[in-house]
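[1] what follows is a predicted structure for the sequence shown.
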Amino acid sequence: MPRPATIFSCSACGRQSPKWHGQCPGCGDWNTLVEERAPAARTGGARGPDRAGPPPRPVPLRDVAVERVPRLSTGIGELDRVLGGGLVPGSLVLLGGSPGIGKSTLTNMALGHLAGAGRPTLYVSGEESAAQIRLRAERLGAAALEVPVLAETDLDTVLGVLRAEQPAACVIDSVQTLSSAALDSAPGTVAQVREVASRIADVAKRSGTAVLLVGHVTKEGALAGPRVLEHLVDCVLQFEGERERTYRTLRALKNRFGSTNDVGVFEMREQGLAEVLDASARFVGEATRAPGSVVLAAMEGSRPLLVEVQALVSPSELVPPRRVCTGLDRNRLALVLAVLGRHAGVGVGAADVFVNVVGGVRIDEPGADLAVALAVASAARGVATEPAPLGCYGEIGLTGELRSVGHPERREEEAAKFGLRTIVSPATAPTLREAVRAAVGGRERTARAA
Ligand code: TYD
Ligand code: MG
């Protein structure tokens, strides 16, 4: 029997190649190509022989009928909003997030609400036993216990159940644990993940089942293996936050049926995830007002959000000193510290610097630069901002200037709504030096405070 052909797939971008390369020819990452057997050619089926009859005629866009997409409400307002109004029947949603963040909790709750509304649902778990899932569901309440569960890792068995049950919504937890016996590769490899998702999509489209695929995320934050899925699915949701903290954010990275601007904020409680509708009010209310604390008027997509950013500057024994930040981009911290020292007269020298977004929220936008800078300046000088809490936003340029960022009016509105009287921004201070002076005063005030 001829040996099945071997191919190499990049675990980062999914690019396939007949030869092994140290560097992926697709995305340029190193050591990401893994060996796989090529899938056996399928016979017949959907991609079988050419159709008989004349080829279909393309239609001008103006004549294309637009159907209103029906939606299934998951009963979780923040999730529905991020999805663009609920789940679309027949669509595929990928939900990514690190282990322990609450993916199983969120999906089980969503199915529970749907089951409670009389919709047939199915929860497929390749990760946990049915008994483990039941234990979780018990915390989530009566509706969650109504969800039919299937603990299974074989793709064909799952597809069989899907065809027989035709649920309105189905969760696959997780896509990396299912595998097709037709492929030699291990579960979670690029080939398996792609096969699992595309065959489930085929069945789901036919029965109008909305499928939520749960996917794990690597340490670096990329969807492991299933990054290849981003092209295959209709919607990619990312569930983020620090596992040990209360708050989590849900955002859409791709959405064929809605915007990618919406963000949902959740809180992990004893009885599951609760929506946080007053996130700004909470974060401002909880802000410490001590040296090293400022409030960032951030934009999470199209939603303004006020979060507290804290910094600690302390003498270090280490060479090089520590630069630690949580909830923010590490590289931006290095840049902000460099500009602070060079252009704003706030050197942190050999001190350790810690910067943290309070509550475990992750902020990924250029407007956060100024908050980091002012928190560090306030911590380094040991004086609280004036007034405290002080609101701010703005990007920092390499020459020490403040650069404008998107939606200044919405940021200001949100800040005013929650009682922040003074906002330091590119509109009030053209340079970082002036912003620092406005927030913590010049050297004179610092000297008096010391
Ligand atoms: P889980 O949904 O299992 O995370 P994932 O599927 O993303 O790996 O939940 C993770 C954590 O949430 C778990 O450590 C326990 C905690 N948790 C609560 O605090 N309250 C709850 O009601 C539930 C169900 C879980
Ligand atoms: Mg889980």
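    Perfect, I can see it now. Numbering: from 1, shown residues only. Ligands and ions are numbered 1, 2, ... in the order given.

[2] now the helices: where do they sit in this structure?
    With DSSP state H as the criterion, the chain has helices at 77-83, 103-116, 130-140, 142-145, 155-165, 190-207, 279-286, 330-343, 368-381, 408-417, 432-440, 443-449.

[3] possible to save these as a markdown table with mean neighbour count?
    C-betas here are computed from N, CA, C, even on glycine. Converted to a markdown table, the helices of the chain look like this (neighbours: other CB atoms under 10 Å):
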| stretch | mean neighbour count |
| --- | --- |
| helix 77-83 | 22 |
| helix 103-116 | 25 |
| helix 130-140 | 15 |
| helix 142-145 | 17 |
| helix 155-165 | 16 |
| helix 190-207 | 20 |
| helix 279-286 | 19 |
| helix 330-343 | 18 |
| helix 368-381 | 28 |
| helix 408-417 | 17 |
| helix 432-440 | 22 |
| helix 443-449 | 12 |
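
[4] can you redo those as JSON lines with mean pLDDT?
    JSON lines is the format used below for the helices of the chain (pLDDT from 0 to 100):
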{"stretch": "helix 77-83", "mean pLDDT": "93"}
{"stretch": "helix 103-116", "mean pLDDT": "96"}
{"stretch": "helix 130-140", "mean pLDDT": "95"}
{"stretch": "helix 142-145", "mean pLDDT": "93"}
{"stretch": "helix 155-165", "mean pLDDT": "96"}
{"stretch": "helix 190-207", "mean pLDDT": "92"}
{"stretch": "helix 279-286", "mean pLDDT": "90"}
{"stretch": "helix 330-343", "mean pLDDT": "95"}
{"stretch": "helix 368-381", "mean pLDDT": "97"}
{"stretch": "helix 408-417", "mean pLDDT": "93"}
{"stretch": "helix 432-440", "mean pLDDT": "96"}
{"stretch": "helix 443-449", "mean pLDDT": "48"}
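
[5] need the ones you listed in CSV (columns: distance to ligand 1).
    Formatted as CSV, the helices of the chain follow (distance: least, CB to the nearest ligand atom, whole Å):
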stretch, distance to ligand 1
helix 77-83, 14
helix 103-116, 3
helix 130-140, 4
helix 142-145, 9
helix 155-165, 18
helix 190-207, 17
helix 279-286, 18
helix 330-343, 24
helix 368-381, 26
helix 408-417, 29
helix 432-440, 37
helix 443-449, 42
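
[6] and the stretch 201-350 of the chain, which residues reach ligand 1?
    Neighbours of ligand 1 within the stretch 201-350 of the chain, by CB under 6 Å from any ligand atom: Met268, Glu270, Gln271, Gly272.

[7] which ChimeraX command selects the buried ones in those?
    Filtering those down to the buried ones (16 or more other CB atoms under 10 Å) takes a single ChimeraX command:
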select :268,272
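
[8] before we move on, back to that, so which of the helices of the chain gets nearest Leu237?
    Nearest of those to Leu237, taken as CB to CB: helix 77-83 at 6.3 Å.

[9] report all helices and strands that the closest one contacts.
    Contacts defined by 3 or more CB pairs under 8 Å, 6 or more residues apart in numbering; DSSP states H and E place helix 77-83 against strand 235-241, strand 247-255, strand 263-269.

[10] give the buried residues for the longest one.
    Same thing as strand 247-255. If you call a residue buried by 16+ other CB under 10 Å, then strand 247-255 has these buried ones: Tyr247, Arg248, Thr249, Leu250, Arg251, Ala252, Asn255.

[11] does the last one really touch Gly84, like I thought?
    Yes: the criterion here is CB atoms under 8 Å, and Asn255 meets it with Gly84 at 5.7 Å.

[12] go through the residues of the stretch 201-350 of the chain next to ligand 1 and name the one nearest Glu36.
    Closest to Glu36, out of all of these and judged by CB to CB, is Met268, at 37.4 Å.

[13] what sits against the closest one?
    Gly102, Thr105, Thr246, Arg248 (CB atoms under 8 Å, 6 or more residues apart in numbering).

[14] low-confidence bits of the stretch 151-300 of the chain, can you list those?
    Residue ranges of the stretch 151-300 of the chain with pLDDT under 70: 218-227.
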